[in-house]
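Engineer: got a sequence here, can you build the structure:
(one chain, ligands or ions: 1)
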Amino acid sequence: MTAPARWWHPEGDAVRCELCPHGCRIARGRRGACGVRENREGQLVSLVARTTSGLAVDPIEKKPLYHFLPGSKVLSLGTVGCTLRCRFCQNWTISQAGTIDGLSSVGPQELVTLALAEGCPSVAFTYNEPAVFAEWALEAAEACHAGGLAAVAVSAGFFQPEAALQFFGAMDAANIDLKAFSDGFYRRLCGASLAPVLETLEIIRHRTRCWLEVTTLLIPGENDTDVEIRNLCRWVVRALGPDVPVHFSAFHPDHRMRSVPATPRRTVARARTIGLEQGLRFVYSGNVADLEGSTTRCPHCQTTLVTRDGFRVNESRWSDPGVCPGCGGLVAGRWV
Ligand code: SF4
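Structural biologist: Numbering: from 1, shown residues only. Alright, predicted model coming up:
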């Protein structure tokens, strides 16, 4: 379960971790803020190598990825720990577990065999932040590629740049949580900061071949003003391009924010409208029933291409995937 970590250097008896922007200086016998990287005799080790806190087969739409192998199943794996401390975390029992007890062992080849047996063309590193098990995810991704499978990451994107480049450079698709468009939000509610996340998004989009989608969980009174949503969408269009799908999803009271009400449907609809007005070509609704907000349309002629009901693909109207049957225009994504 332990394996040598990457992205660190020694500092006397301590080590300095270079994986995420916290840059923890870790004394001998101690762990970093994520709780799963430890200084053992002057060497940084990962405590969660070849482990899992849970394996499940999900629809790829649940990640959410709408423009990557739509309608397919994905074998999903998580461990424990996180680099963030989001007060609204919906997976806090594993992200803030505070212990590595209870993890099960699983090897890379076992993952591939299981994915193939379940008819999954991809494996996702998800449920908790994959940065904290980046070495293991990279090893598993390599095995996936050798076995003809794709590798997917669902992440907060809170990496140092070199680690981001190496990690996402090995992934075929990623959904990055852009939790808000305000540094204050990140500091107050997540124990993190905004700028490194934006830098990771730009690295993925411009320096890797990884397919990118973005998700923002809208929390009433925290990140849901028109101005903030508009600024976020403008930034995505300018920095990442209009073809990056953005998912606005509804918050449900959880963890340390149980007194905040769930996000109304109209807030998600408003965010979608703002995103489209700002020039985004694909803006989706999440965690609310919204057929139009979960439909993929051709950005050139508005022909309906993929319809979904919840996480299920109802209909896929391609004759040639990625090419609109209405106007022949290209539609961004990895469709097969
Ligand atoms: S990955 Fe963990 S140990 Fe490394 S800097 Fe981030 S919180 Fe600290």
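Engineer: in the stretch 51-200 of the chain, which spans are helices?
Structural biologist: 92-95, 108-117, 134-146, 161-169, 183-185, 195-207 (DSSP state H, counting those that start in this stretch).
Engineer: want to throw those into TSV with mean neighbour count and mean pLDDT?
Structural biologist: In short, each C-beta sits where N, CA and C put it, glycine included. As requested, the helices of the stretch 51-200 of the chain are exported to TSV (neighbours: other Cβ atoms under 10 Å; pLDDT from 0 to 100):
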stretch	mean neighbour count	mean pLDDT
helix 92-95	18	86
helix 108-117	17	98
helix 134-146	21	98
helix 161-169	20	98
helix 183-185	14	98
helix 195-207	19	98
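Engineer: mind putting those helices in JSON lines, distance to G286 included?
Structural biologist: Listed next are these as JSON lines, based on distance: least, Cβ to Cβ, whole Å:
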{"stretch": "helix 92-95", "distance to G286": "19"}
{"stretch": "helix 108-117", "distance to G286": "25"}
{"stretch": "helix 134-146", "distance to G286": "24"}
{"stretch": "helix 161-169", "distance to G286": "22"}
{"stretch": "helix 183-185", "distance to G286": "19"}
{"stretch": "helix 195-207", "distance to G286": "18"}
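Engineer: roughly how far apart are whichever residue of the stretch 1-150 of the chain sits closest to the ligand and F251?
Structural biologist: Nearest residue of the stretch 1-150 of the chain to the ligand, counting by Cβ to the nearest ligand atom: G32, 2.1 Å away. Distance of G32 to F251, computed by Cβ to Cβ, to the nearest Å: 28 Å.
Engineer: any idea what E213 is bridged to?
Structural biologist: Taking DSSP bridges as the rule, E213 bridges to N175.
Engineer: show me what contacts it?
Structural biologist: E213 sits next to 64-68, 173-176, 244-247 when contact means Cβ atoms under 8 Å, 6 or more residues apart in numbering.
Engineer: could you do A164 as well?
Structural biologist: Counting by Cβ under 8 Å, 6+ apart, A164 makes contact with G157, E199, T200, I203, I204.
Engineer: could you do I26 as well?
Structural biologist: So I26 contacts A14, V15, R16, C17, G32, R37, E38, N39, L44 (Cβ under 8 Å, 6+ apart).
Engineer: three-state assignment of the second one?
Structural biologist: Yep, that's V15 we're talking about. strand (DSSP: H, G, I helix; E, B strand; the rest coil).
Engineer: so what sits opposite it in the bridge?
Structural biologist: P10, I26.
Engineer: okay, now it: neighbour count?
Structural biologist: Using other Cβ atoms under 10 Å, V15 has 26 other residues around it.
Engineer: so it makes contact with Q43?
Structural biologist: Yes. The pair V15 / Q43 is scored as a contact, 7.3 Å apart, by Cβ atoms under 8 Å.
Engineer: ok, back up a step: G328: which of the contacts of E213 is nearest?
Structural biologist: H67 (18.3 Å; Cβ to Cβ).
Engineer: need the contact list for the residue nearest to the closest one when sequence neighbours are not counted.
Structural biologist: The shortest distance from H67 to any non-neighbouring residue, by Cβ to Cβ, 6 or more residues apart in numbering, is to G333 (3.0 Å). Residues in contact with G333 (Cβ under 8 Å, 6+ apart) are Y66, H67, F68, W211, G322.
Engineer: now do V214
Structural biologist: N175, I176, D177, L178, L201, V236, L240, V244, P245, V246, H247.
Engineer: close to the ligand: what parts of this protein are there?
Structural biologist: Contacts of the chain with the ligand, taken as Cβ under 6 Å from any ligand atom, map to C17, L19, C20, H22, G23, C24, G32, A33, C34, R37, T83, V132.
Engineer: check these and tell me the two furthest apart.
Structural biologist: Maximum distance among the residues of the chain next to the ligand (Cβ to Cβ): 14.5 Å, for G23 and V132.
Engineer: what subset of the residues of the chain next to the ligand is buried?
Structural biologist: Buried subset of these (neighbour count, 16 or more other Cβ atoms under 10 Å): C17, L19, C20, H22, C24, G32, A33, C34, R37, T83, V132.
Engineer: look up how far the ligand lies from the residue most central in space within the chain.
Structural biologist: The chain has V154 as the residue nearest its centroid, 2.3 Å off, counting by Cα atoms, centre = their mean. Noted for V154: a distance of 17 Å to the ligand, by Cβ to the nearest ligand atom, to the nearest Å.
Engineer: list the contacts for the closest residue to that residue other than its chain neighbours?
Structural biologist: Closest residue in space to V154, ignoring its immediate chain neighbours: T126 at 3.9 Å, by Cβ to Cβ, 6+ apart. Counting by Cβ under 8 Å, 6+ apart, T126 touches K63, S76, L77, G78, V152, A153, V154.
Engineer: narrow these to those in strands?
Structural biologist: Residues of those located in strands (DSSP state E): S76, L77, G78, V152, A153, V154.
Engineer: quick one: C327 and L305 touch, right?
Structural biologist: No. Contact criterion Cβ under 8 Å: C327 and L305 do not qualify, at 11.2 Å.
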